[in-house]
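A.B. asks: model the structure of this input:
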Amino acid sequence: MNILVVGGAGYIGSHVARAFLDQNHTVTVYDNLSLGRRENLFDESEFVCGDILDYDCLVSTMKQGFDGLVHLAAFKAAGESMLAPEKYATNNISGTISLLNAAAETGIKNIVFSSSSAVYGEQQYLPIDEAHPLAPESFYGFTKLEIERLLDWYSRLKGLRYAALRYFNAAGYDPQARITGLEKNPANLLPVIMEVASGIRNGLEIFGDDYGTEDGTCIRDYIHVSDLADAHVRAMHYIANRTDNLIVNLGSETGVSVLEMVEAARRITGTPVPARVVSRRAGDPEKLVASSGKANELLGWKAKYSDVDSLVATTWSVYRKNSPDNFHRNANTSDAETDL
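C.D. replies: Numbering: from 1, shown residues only. Alright, predicted model coming up:
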C-alpha cells in the first residue's frame, strides 16, 4: 500500500512510518516540523514539509495517489489546551476538517486516526473499555472526540472508512534504535525521568504516595510506541479490507506505578534519579488501565514491548546517545511536574 503519514516526523509518527516501511509499504511523510524532527525521517520514505491548514499543499500532495493516510498531526498537551483552546481548536479541529476535505477531494478512502483515552474523562470503572462513557475533562480530549465524530460523519456522507485508536501513555523508543530524535518539550513521566537521569534536570516530583496502590503512587497504562505503531498498521489493513469502521483501545491492561517506573530507571540507568514526594494533584485518579480485548480480537494485536524494563531501556538508549555529555551534570533547573 501507498501510505501518507501526516505528522510522521514526530515521536509517535516516526515509529508509525517505520512500522509501515518494515511491512514493505510505500510511505510519504507530511509534517510541518513544529514538533517533528528531520532526524526522524527515513531515506526510504518521501517527505513533504507542509501544514494541515494548508489546503492547497494537502491536495497537491494527496493527488500523488495514496491507498490510505494516518492522522497524527494533532496537538496533545492536555494542560496547554486548557490555557490556549484557540490553538487546539485551530490545529486539531480546523486542521482535521482541512485534512478530511482534501482526502475526500482526492479519493483517499482509508484513514487511521491517532485518538486518545482522554475522550473518556474520569473513569467510571476499570479497566476502561470502548463502552465507557465519553466525557472529556480537557479541551484536548474534547478535540479528539470531535475528530472521531467528524470521521463518523465523513464516513456516512463521503464513504470514508476510518479507525480511531484510543490509547493512554505512549512511551519507549524503537527497540532497534533506528529512531533517535527526542520528543520536543516532553511533559510525561518517563522522558522527565530520563532528563533527570542524564543530568538535564535536578529531579522530579512525585504527586502523592498515599494512594491505595501497592507502593502508594498512581498507576498508569503505558504502551510502548512500537506496539502502538504496529496497531496502526494492523488497523489500516483492517479498514482497507472491510466495509466497517473501527474504534479500539490500546493498552497494556496492567499499568505501571510512578515509583515502579522510577525504580526501574534507577536500576537500568545506574543513576540516582532524585525524586521527592509532594502533595497530590487535584483530579489525579488512583489508577488508569485500559481493556484491549477488542483490539486483540479484531486486529490480533497484543502489546509486546510494554513491560516496564523495555519502556525504560529503549528510552534510555536514545537519551544516552543524544546527551552523552550531560550525565551527572546539574543544569540548575527546577523540579519538573509530570503528567501522571
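
A.B. asks: quick one, what contacts the closest residue to residue 90 other than its chain neighbours?
C.D. replies: Spatial nearest neighbour of residue 90, excluding adjacent residues (Cβ to Cβ, 6 or more residues apart in numbering): residue 53 at 7.3 Å. For every residue, glycine as well, the C-beta is placed using N, CA and C. Counting by Cβ atoms under 8 Å, 6 or more residues apart in numbering, residue 53 touches 90, 91, 94, 95, 98.

A.B. asks: same thing but 10 Å
C.D. replies: Applying Cβ atoms under 10 Å, 6 or more residues apart in numbering to residue 53 gives the contacts 32, 73, 90, 91, 94, 95, 97, 98, 99.

A.B. asks: state which helix of the protein is the longest.
C.D. replies: helix 139-158 (DSSP state H).

A.B. asks: and the next helix or strand past it?
C.D. replies: strand 161-167 (DSSP states H and E).

A.B. asks: how far away from the center of its chain is that next one?
C.D. replies: Distance of strand 161-167 from the chain centroid (Cα atoms, centre = their mean, to the nearest Å) equals 13 Å.

A.B. asks: and the very next helix or strand once past it, which strands flank it?
C.D. replies: Next in sequence after strand 161-167, counting helices and strands by DSSP H and E, comes strand 169-171. Pairing partners of strand 169-171, with direction, according to DSSP bridges: strand 222-224 (parallel).

A.B. asks: okay but residue 219 is in contact with residue 256, surely?
C.D. replies: Yes. With contact defined as Cβ atoms under 10 Å, residue 219 counts as touching residue 256 (6.7 Å).

A.B. asks: need the residues touching each of those two.
C.D. replies: Between them, residue 219 and residue 256 share the contacting residues residue 289, judged by Cβ under 10 Å, 6+ apart.

A.B. asks: now do the helices in the stretch 1-150 of the chain.
C.D. replies: Using DSSP state H, counting those that start in this stretch, the helices found in the stretch 1-150 of the chain span residues 11-22, 55-62, 78-83, 85-88, 95-106, 139-158.

A.B. asks: quick one: closest of those helices to residue 190.
C.D. replies: helix 11-22 (11.6 Å; Cβ to Cβ).

A.B. asks: now for that closest one, which elements pack on it?
C.D. replies: strand 2-6, strand 26-31, strand 68-71, strand 110-114, strand 169-171, helix 225-240 (3 or more Cβ pairs under 10 Å, 6 or more residues apart in numbering; DSSP states H and E).

A.B. asks: what about the ones you listed, which gets the closest to residue 270?
C.D. replies: Minimum separation from residue 270 across those (Cβ to Cβ) falls at strand 169-171, 19.9 Å.

A.B. asks: so after the closest one, what's the next helix or strand?
C.D. replies: helix 189-197.

A.B. asks: could you dump that following helix to PDB, C-alpha only?
C.D. replies: Taking Å, rounded to 0.1, in the frame of the first residue of the first chain, the C-alpha atoms of helix 189-197 are listed here in PDB:
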ATOM      1  CA  LEU A 189       6.800  10.800  33.300                       C
ATOM      2  CA  LEU A 190       9.300   8.700  31.500                       C
ATOM      3  CA  PRO A 191      11.000  11.400  29.500                       C
ATOM      4  CA  VAL A 192      11.300  13.600  32.600                       C
ATOM      5  CA  ILE A 193      12.900  10.700  34.500                       C
ATOM      6  CA  MET A 194      15.300  10.400  31.600                       C
ATOM      7  CA  GLU A 195      16.200  14.100  31.800                       C
ATOM      8  CA  VAL A 196      16.900  13.600  35.500                       C
ATOM      9  CA  ALA A 197      19.000  10.500  34.900                       C
END
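
A.B. asks: low pLDDT regions in the stretch 201-340 of the chain?
C.D. replies: 323-340 (pLDDT under 70).

A.B. asks: 80 - rerun?
C.D. replies: 282-283, 323-340 (pLDDT under 80).

A.B. asks: where exactly do the helices run in it?
C.D. replies: 225-240, 258-269, 293-299, 308-322.

A.B. asks: any idea which of these is most buried?
C.D. replies: helix 225-240 (a mean of 24; mean count of other Cβ atoms under 10 Å).

A.B. asks: how far does that one sit from its chain's centre?
C.D. replies: 13 Å.

A.B. asks: if we can go back for a sec, so which of the helices of the stretch 201-340 of the chain gets nearest residue 118?
C.D. replies: helix 225-240 (15.2 Å).

A.B. asks: just the angle between the closest one and helix 139-158, please?
C.D. replies: If you take axes from the mean of the first three to the mean of the last three Cα atoms, to 10 degrees, helix 225-240 sits at 20 degrees to helix 139-158.

A.B. asks: hey, what's the angle from helix 225-240 to helix 308-322? Just curious.
C.D. replies: When the same axes, to 10 degrees is applied, the directions of helix 225-240 and helix 308-322 differ by 110 degrees.
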